[in-house]
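> Predicted model and sequence below, questions to follow.
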Amino acid sequence: MTETVIEVVNLRKVYGPTVAVADVSFEVRRGEIVGIIGPNGAGKTTTIECVEGQRRPDAGQVRVLGQDPQDRAALLRERIGVQLQAAALPPRIKVWEAIDLFASFYRRPLDGRRLLEEMGLGEKTHSLFMKLSGGQRQRLFIALALINDPELLFLDELTTGLDPQGRRMMWDLIRGIRARGKTILLTTHYMEEAERLCDRVAIVDHGRIIALDTPRNLVRLAPFETRITFQVENGLDTAALAALEAVTRVERQGDEVVVYAGDGALGRLVRALETQGCRFRELRTQSSSLEEVFLGLTGREMRD
Amino acid sequence: MKGYRQIVWVHLKLLMREPPAFFFTLIFPALLLVFFGSVFGNEVDPESYRRFGYVDYQVAALSGLIIATTGILGIPVATAFRREYGVLRRYRATPLHPATYLAADISTQFIITLLGMLVLVLLGKAIFHLRFAGSWPSVLAGFTLSALSFFAAGYVLASLAPTGRMAQAMGQAIFFPMMFLSGAAIPVQIMPASMRRISELLPLTHVIQLMQGLWFGEPWRAHVPQVAVLVTMLVVGVVVSAKTFRWE
């Protein structure tokens, strides 16, 4: 059994009339990447900030590396690295000035220049923060979060606003950080990011965790496993398709047909279409992802 | 005090990269001195200035103006922008002690204010044969008391302003009338009596009276009202800003 580095029990946080986090419990073990995913306003940031010690919970217990992040804030801040969603640097600070400045806050900082090299910012050390691209800024924030060689790293919506290529680069970077033995707790609203990057994913909605498991196990919670779409040219008996074994649901809009199905439905479906004498084209299959899990669990799309 | 030296150094460099901060603390007062100095000269004028000339009065007065610039504009604007940009929040996520941050910020602003005064003194000496009849430790003590009182007010303003732009607007609304009415830009000696009465109500006027008095070698006990005003402002400012300071 690996050591538990984060333990959250019945966390609750309220801002005036708004319940940001209703009741959240989870654990993170050493060496894991755990993602918190959910729509805007689900309570992701409030949760991660309570764990970081940035906010005081209204109820519940939080333990980070065995300590209370409120009582032992100064001690814990030496051992954790934090990238905040809504935080930046002065526009005219130079990259090397920022890393040296933050290094001076810690007892045993790493070599800042080398860290910048590793983050691909070696050629930007003399640039002003305001001149950096979105991706470069985020990599600088990671460098700042790693300057004290933390055991535990918090990343809040690190890839929001990055283009797909920048996002992929960031994933490689985070995998590299994990390979150095760090534990990572992150929030994201990209399902793909959670699926590709995280060992375990907590899906949150309205301040509660509605599912927490490995991405592979979570996908099994989807109401169907595969979505098969195709175009038809002539008559089609949708009721006959819906009656097929392993088919969950059939939808038709004009020429386009969508079949939601489980394992092994594709062969039966194609045979049934041939039996009906139905001509079809552009048949595509798509495995369900966390998007569908969220849809299945909440009854609505996550991207609202 | 881990990080103190580094914050002071980086924040000083950042101030130097902000054209308005640089201009209003180091250039603008010097321009005023050179301009009005060229107009009025620095001849001893027994009628308005006793044993001294216009520039002698004005160097002390403009030092007060720089203190007000840093306190009423510099500190609120820098603090509110750092808060708005999330810089303060990011500092809070490190082991940096809040007191260290505050000490470093006050030191930075104090250094830049002192630099501004140094520029005036050097210019005054070089161009106008500046006279000085006080003692430097005494003038520095008066300068420090005045600066800290205005800085405390600045942190109160920083707490009141919701954004950096608002801090700018609020600061300017206080600063410019005070600049013209306190004798910092235009000598009180040439103001009509009604304006002088308003002038007496402004904290900056008390700074200028204290600085000019100490500059000409008057004893501290001749300036009890000024010291009382500034100490009150300092105490109230520290108490209020300690209660209202926001990191985000």
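Nice, thanks for sending it over. Numbers count the residues shown, from 1 in each chain, chains lettered A, B, ... in the order given.

> From here on, just use CA atoms for contacts and neighbour counts.
OK.

> now whatever residue of chain B ends up closest to chain A, nearest residue through space, not along the chain?
Nearest residue of chain B to chain A (C-alpha to the nearest C-alpha) works out as B:Gly86 at 3.9 Å. In space, and not counting its chain neighbours, B:Gly86 is closest to A:Ala87: 3.9 Å by C-alpha to C-alpha, 6 or more residues apart in numbering or on different chains.

> do A:Trp96 as well
A:Thr125 (5.0 Å).

> what residues does chain B put near chain A?
Chain B comes close to chain A at residues B:2-3, B:6-7, B:10, B:14, B:17, B:82, B:85-87, B:89-90, B:92-96, as judged by C-alpha under 8 Å from any C-alpha of the partner chain.

> change it to 7 Å
With C-alpha under 7 Å from any C-alpha of the partner chain as the criterion, chain B meets chain A at residues B:2-3, B:6-7, B:10, B:14, B:17, B:82, B:85-87, B:89-90, B:93-96.

> Buried ones among those?
By neighbour count, with 16 or more other C-alpha atoms under 10 Å in any protein chain shown, the residues of chain B next to chain A hold B:3, B:6-7, B:10, B:14, B:82, B:85-87, B:89-90, B:93-96 as buried.

> Tell me which of these fall in helices.
Among these, the ones falling in helices (DSSP state H) are B:Gln6, B:Ile7, B:Val10, B:Leu14, B:Arg82, B:Tyr85, B:Val87, B:Arg89, B:Arg90.

> And the third one, what's its pLDDT?
It refers to B:Val10. pLDDT for B:Val10: 97.

> Can you tell me the SS state at the nearest residue to it once chain neighbours are set aside?
Counting by C-alpha to C-alpha, 6+ apart, B:Val10 lies nearest to A:Glu97, which is 7.0 Å off, once chain neighbours are set aside. Using DSSP: H, G, I helix; E, B strand; the rest coil, the structure places A:Glu97 in helix.

> got the domain boundaries for chain A?
Chain A breaks down by automatic domain parsing into domains covering A:4-217, A:226-287.

> can you put those in JSON lines and add mean pLDDT?
Below are these laid out as JSON lines (pLDDT from 0 to 100):
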{"stretch": "domain A:4-217", "mean pLDDT": "93"}
{"stretch": "domain A:226-287", "mean pLDDT": "83"}
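
> Just name the most buried of those domains.
Highest mean neighbour count of the domains of chain A: domain A:4-217, a mean of 19 (counted as mean count of other C-alpha atoms under 10 Å in any protein chain shown).

> okay, how far is it across that domain, tip to tip?
21 Å (C-alpha to C-alpha, to the nearest Å).

> Nearest to the spatial middle of chain B, which residue is it?
Chain B has B:Ile67 as the residue nearest its centroid, 0.5 Å off, counting by C-alpha atoms, centre = their mean.

> Quick check, A:Ile147 in contact with A:Ala103.
Yes. The pair A:Ile147 / A:Ala103 is scored as a contact, 6.0 Å apart, by C-alpha atoms under 7 Å.

> Between the two, which contacts overlap?
The contact sets of A:Ile147 and A:Ala103 overlap at A:Pro109 (C-alpha atoms under 7 Å, 6 or more residues apart in numbering or on different chains).

> Which residue ranges of the stretch 201-304 of chain A form strands?
In the stretch 201-304 of chain A, the strands defined using DSSP state E, counting those that start in this stretch lie at A:208-213, A:226-232, A:247-253, A:256-261, A:280-287.

> if I pick residue 121, what's in contact with it?
Using chain A. Counting by C-alpha under 7 Å, 6+ apart, A:Leu121 touches no other residue.

> not what I meant, chain B
If you count contacts by C-alpha under 7 Å, 6+ apart, then B:Val121 has B:Val59 around it.

> Let me know the helix or strand that it is in.
helix B:98-128 (DSSP states H and E).

> any residues touching the helix or strand just after that helix, and which ones?
Following helix B:98-128 in sequence order, the next helix or strand is helix B:136-160 (DSSP H and E). With contact meaning C-alpha under 7 Å, 6+ apart, helix B:136-160 is reached by B:67-68, B:71-72, B:75-77, B:79-80, B:167, B:207, B:210-211, B:214-215, B:230-231, B:233-234, B:237-238, B:240-241, B:244-246.

> buried stuff in helix B:136-160?
B:138-139, B:142-160.

> Helix, strand, or coil at A:Ile36?
strand.

> Verify the stated contact: it with A:Met191.
No. Using C-alpha under 7 Å as the test, A:Ile36 is too far from A:Met191 to be in contact (10.1 Å).
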